[in-house]
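Undergrad: Using only what follows, build the 3D model:
(chains A and B)
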Amino acid sequence: MDPTEARLAKLRGSVMPRRHDARTISALAANPGCGRRALMDAAGVDKQKLAAYTGYPAPFGQSQFAIARGNAFEAQVKENGAAQLLSLLREHLSLDVAEAYYTDLGDVGGNEASEVRHVRTRQLLATVDENLGTMFDHPLLRLRVGGRHAYLEPDLIAFQLHGKFSIIEIKSFAVIDDQADPVKVAAAATQSAVYVLALRDLLGSDDKVRDETILVCPENFSNKPVATSIDVRKQLTVIKRQLSRIARIEDLLSSCPEDLTVDLEPDENGIPRRSPGEVEGAIRQIAANYAPECLSTCELCYLCREEAQGSTGALGKQVREELGGIEQVTTVLGLARGAAPSPDREEVAAVLAKAAGLREDLL
Amino acid sequence: MTLLTALARALAAEAGRAQPIRTVRHVHLSGRPLVFIPLQLAGEACAPLAAMAGDDRDKPRMLTVYEPRDRTQRFDFAADLAEVVLGYIDSYTTADPGPEAPYPDAPQVLVPNNGGISFTRLLSRSTRFRRTEGEYAVRQSVPLLGRWLNFYSERSEAPASALLLSMTAVLADHWASGQSATEDANLAALLGWIDPPEGMTGAAAARAAEDPVRCPPAGPATDPTFDNEVLAARIGAIRAAKARGDGAALQRAQLALETVLKTQLEPTWELMWRAVDLLGALPAGGHVEDRWQADRRAFTGHVNWLRQGNPPAPRKDSAVAAASKLARMERDQQRLAVQRAYDDPLVMAEYRLTSDAFAGIVVDAQPDRLDTSGKRAKLRPWITVETSDEVIAGPGTEFASPGRPGQQAHVIGVAPDGERTRVILELQSGMGRSLTPPPGSVPAVGEAVTYTTLTDDFQRGPTFPQIADTPWTHGGPPPQYPGGADEDATEEWS
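TA: Purely as a prediction, here's the structure:
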């Protein structure tokens, strides 16, 4: 085990690591300045569990109704060697797929180890027959995040035709009159872009993977699937740039104490021996970068929000910008009430004082 | 987000309590609104689970769907909801307003959040094309409900309309909380900031309100933990009783489901009426009544449209309809911004900060000044306004005053005077036809005045082709409607 791997294992403690998936990578890419999330994800820490144990349970979860619906729809589309999917590709996207093969890479001869699956994925995808349409379900991909390879828990199908691959994602939100929830579409497009990037990395060539991904959703109020092409070039650019901004894991580690760990140190009955306060203290040793957007993407958001109280950033990026980028609420209000500004803040101080005066006069 | 609102948020964070950002209420508030709180089953496009609705805070009507994935039960829910909603709407159409005149009042629907509006739109989409005979027939009232819900959700996109309002949006427009806009989408938390319980700070009340056990979400999405730990078992019990054919057990199970869903809806019901009271305590802005009249006209128009037997609105607007709607919305948006600034000095203050307006005291006035340069003498009074606001406008710039909206004021000169600025303005219009201005038509010395470059000038909208003349660039004329209606009625539905 290399020293970084050892440090990360120490940080995580005695539990099994959790793998990255497209969702964690897009969340991380949405806030590349957050070292806490980058490090926790690199170490495979169960953030949900930590958040709950320290008294800040994550404000989101998944309803079993939503999960059941998603699974049922996916199973239906993939039934009988993905028969429905194939007819969609032919009819909706007018692809001339004469014959197609469907291979599930979910495990390799019963072996679910990441390395084994990744190698198998690479072998199969690299030697595919260009003239046959081929679908690979659950190919295990990996991506460099913070200077290290992260395996992606896959939820996609790689579809090959005429030597080029497309990413197919199956989602259970409805497309009604050709329109779907824009938030969900944006999330799906970002995830697809992560897969495109990882697949290009695997094949060692950008040309072999299309910029257009295929999204399969139920149509209107039915279970009938409908396929839509999504151009993810923009998302690709954003993710590439954001991933390049994530600090190297080694650098993040070097700014933390050597023996830092968020391990709950469970006893033989699985009961944590470390107090919630102690664990929270350990988490707080890694610098975070809280923004209200974290509230829908990061399990640790409530803890970080508590820590960020009193900052203008906790009120939203726009609020902070309007207030001249000043970090602390107390500084803003001090200037608004006439405190002497530093030379670089004279202009913003004058506007704040004027605004505060207007409020005072009019209320 | 504007600077004043951002500052108010900072002040709220410091004080632990929401701060007002308006001095008047900018939306119409009905004396008898219909509060509608829908809940839907997670993972489905639009599967109603329950709803609480009514115009009497003491008598909410609760509707429950015992098997949300059952098509028949969904439309039974729609029929029950139709009873509430259509009954409420009908109570506004009893009087005959006479030709051309709108009804004296219009029904107003309040939902907790933007999700409630989206749900309304989807429920309309899933009901207004349904058939009332043949296979999968629904009750007569179902497509009619769908058409009304479509009218309301369409109006909610119009910037100046108050027919269907999202409560969190309206509250956040009048108060700044000490949290982010994302967190303001939670009705309980936002109300916690605005009106915390005795002895609690707004910040603490908002935190407490984030606990879904204490304050269930205001819908339409339910709390996932509630789904997994309570709802699943209740729905399971109903399915089991049905499978066994045990009528008594089925009744008990249905009652049990109703009871738990009530616990999810009742707190929001209370919050909605508390919010109505809070908003009602604010005086209405000057243009609110004008805008409500436009809503009343729209409502009256829709009643007549339905009575004339017209087909339901299509799934999608045609190119021409969409373009003219967008143009109208843009004009309305601009007019609304002007009206709000004219009605509310705190909104106008935003424009004063950006030098698009200034306020001050009249220090000199020549009300009888005449311009004799032309053939005929014209009344052109001059006034001098002293202001502490920054004035960057040069001579010739046209200003208007909320106090005298029909009068134009042109800048003659701007001169700094110590910390203050003196602005000389020449006035025109709004003073009658004689050469002596009527009393009060020219600001007098000592009067506090506000002048702004913001004006609500009538602008003719662009003209669009007739629908039949839609150019090929926009797909050509759309297929004849209601040709699509039959196809809609038979669409596949799970």
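
Undergrad: contacts and neighbour counts: CA atoms only from here.
TA: Will do.

Undergrad: so where is the chain shaky, pLDDT-wise?
TA: Looking at chain A here, since you left the chain open. Scanning chain A with the threshold set as pLDDT under 70 gives A:1, A:93, A:107-112.

Undergrad: meant chain B actually
TA: Looking at chain B by pLDDT under 70, you get B:458, B:480-494.

Undergrad: Go again with 50.
TA: B:483-484 (pLDDT under 50).

Undergrad: which residues does the residue in the stretch 1-150 of chain A that chain B sits nearest to contact?
TA: Closest approach between the stretch 1-150 of chain A and chain B, counting by Cα to the nearest Cα: residue A:66, at 3.8 Å. Contact criterion Cα atoms under 8 Å, 6 or more residues apart in numbering or on different chains gives B:42, B:43, B:44 as the residues in contact with residue A:66.

Undergrad: what do you get if the cut-off is 7 Å, keeping everything else the same?
TA: By Cα atoms under 7 Å, 6 or more residues apart in numbering or on different chains, residue A:66 lies in contact with B:42, B:43.

Undergrad: Give me the buried positions along the helix or strand containing it.
TA: Assessed by DSSP states H and E, residue A:66 sits inside helix A:64-91. Buried residues in helix A:64-91, counted by 16 or more other Cα atoms under 10 Å in any protein chain shown: A:64-66, A:69-70, A:73-74, A:76-78, A:82, A:84-86, A:88-89.

Undergrad: Quick check: what element follows it along the chain?
TA: On the C-terminal side of helix A:64-91, the closest following helix or strand by DSSP H and E is strand A:100-104.

Undergrad: Any idea how many residues pack against residue 161?
TA: This is for chain A. For residue A:161, the neighbour count with other Cα atoms under 10 Å in any protein chain shown is 19.

Undergrad: that answer is for a different chain, and I need it for chain B
TA: Residue B:161: 24 neighbours (other Cα under 10 Å).

Undergrad: Might you report the residue contacts of it?
TA: Residue B:161 sits next to B:155, B:291, B:295 when contact means Cα under 7 Å, 6+ apart.

Undergrad: so how far is chain A from it?
TA: Going from residue B:161 to chain A by Cα to the nearest Cα, to the nearest Å gives 24 Å.

Undergrad: which stretch of helix or strand covers that residue?
TA: Going by DSSP H and E, residue B:161 is not part of any helix or strand.

Undergrad: Also residue A:335?
TA: Here residue A:335 is assigned to helix A:329-336, by DSSP H and E.

Undergrad: swap in residue B:193?
TA: Assigned by DSSP H and E, residue B:193 belongs to helix B:187-194.

Undergrad: Hmm, residue A:45 is touching residue A:18, no?
TA: Yes. Using Cα atoms under 7 Å, residue A:45 makes contact with residue A:18 at a distance of 6.3 Å.

Undergrad: So for the two, which sits in the more crowded spot?
TA: residue A:45 (24 against 16).

Undergrad: Just say helix, strand or coil for that one.
TA: When classified by DSSP: H, G, I helix; E, B strand; the rest coil, residue A:45 comes out as coil.

Undergrad: Also the one 3 residues further on?
TA: When the structure is reduced to helix, strand and coil (three-state DSSP), residue A:48 reads as helix.

Undergrad: Please report the distance of it from residue A:56.
TA: Distance from residue A:48 to residue A:56, counting by Cα to Cα, to the nearest Å: 9 Å.

Undergrad: which one of those two has more residues nearby?
TA: Neighbour totals were compared for residue A:48 and residue A:56, and residue A:56 leads with 20 against 17 (other Cα under 10 Å).

Undergrad: So the more buried one lies in a helix, does it not?
TA: No. Read with three-state DSSP, residue A:56 is coil and lies in no helix.

Undergrad: so it makes contact with residue A:303?
TA: Yes. Residue A:56 is in contact with residue A:303 according to Cα under 7 Å; the separation is 5.7 Å.

Undergrad: which one of the contacts of residue B:161 has the most neighbours?
TA: Going by other Cα under 10 Å, residue B:295 tops the contacts of residue B:161 with 24 neighbours.
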